[in-house]
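Asks: Generate a structure from the sequence data that follows.
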Amino acid sequence: MARWLVSLVLFSSTGFSGACLAGASVLELLSDGQNISPQTFMLQVEKDYPGVISEFEIDVEKGELIYEISVIDTSAETITEFEFRAKDGRLIHQRVESLEADDKDELKAVSVMEDESLTFSYLVKQAMVDSQAHIVEAQLDHDLNISYLELKLLDGNGKSKIAFDIKTQRPLPMLKWN
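Replies: Numbers count the residues shown, from 1 in each chain. Modelled structure (predicted):
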């Protein structure tokens, strides 16, 4: 029993170290100055493609940062999923689908943004006004009759999440956690 417990502790601590190293590599890639910043890239996507960004996510493939972005076009009733290289902005993959029932929460948030004449990049900028962290993920959502932007951030202290109300353009303290 004692050997099993020691093995479990050793296995758990190595798993934790692996997770920390994976996080550190993302942080290093975001900080190295070799990639287009997420905020700059969001602005470019907003200029180049019709619709509203509803989701942004970072992935690492073969040691390279990949930006995954979803754009909802309410007039065409579509959601387009893109993958771009963060180094040069080159489009890797694009898939267009019709909006479905499971997109309704994002669609409600997009409608609020359109009503308020807001962009995704502007909301991200407002939500991060006091933060030096890097964006790992950002997504529009609608819950409890509130449309908001949820951000997952990464800095030298680790990961954190914040939620930002679209209409009031203020943080949602009840949804803020580390």
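Asks: Kindly provide the distance from S25 to S31.
Replies: 11 Å (Cβ to Cβ, to the nearest Å). Glycine gets a C-beta too; all of them are placed from N, C-alpha and C.
Asks: do the same with D115
Replies: Using Cβ to Cβ, D115 is found at 36 Å from S31.
Asks: Likewise for R95?
Replies: For R95, the distance to S31 - Cβ to Cβ - is 30 Å.
Asks: Among the two, which residue is more densely surrounded?
Replies: Between R95 and S31, counted using other Cβ atoms under 10 Å, the more crowded position is S31 (13 against 10).
Asks: Just the local confidence number for the closest residue to the more buried one other than its chain neighbours, please.
Replies: Nearest residue to S31 in three dimensions, chain neighbours excluded: H134, at 7.2 Å (Cβ to Cβ, 6 or more residues apart in numbering). Looking at H134, its pLDDT stands at 91.
Asks: Ramachandran angles for the residue most central in space within the chain?
Replies: In the chain, the residue lying closest to the centroid (Cα atoms, centre = their mean) is E137, at 1.8 Å. Here is the backbone geometry of E137 (degrees, to the nearest 10): phi -160, psi 150.
Asks: got it, and S131?
Replies: phi -120, psi 140.
Asks: Could you double-check that it lies in contact with L154?
Replies: No. S131 is beyond contact range of L154, at 10.8 Å (criterion: Cβ atoms under 8 Å).
Asks: For the two, indicate the residue with more neighbours.
Replies: L154 (20 against 13).
Asks: Could you report the separation of the more buried one from A138?
Replies: As defined by Cβ to Cβ, L154 lies at a distance of 12 Å from A138.
Asks: Name the helix or strand of this protein that has the lowest mean pLDDT.
Replies: helix 2-31 (a mean of 45; mean pLDDT, DSSP states H and E).
Asks: Sort out which residues of the helix or strand following it are buried, please.
Replies: Of the helices and strands lying after helix 2-31 in sequence (DSSP states H and E), the nearest is helix 38-48. Residues P38, F41, M42, L43, V45, E46 are the ones in helix 38-48 that count as buried (16 or more other Cβ atoms under 10 Å).
Asks: ok, now stretch 127-136?
Replies: Neighbour counts using 16+ other Cβ under 10 Å place A127, M128, A133, H134, I135, V136 of stretch 127-136 among the buried residues.
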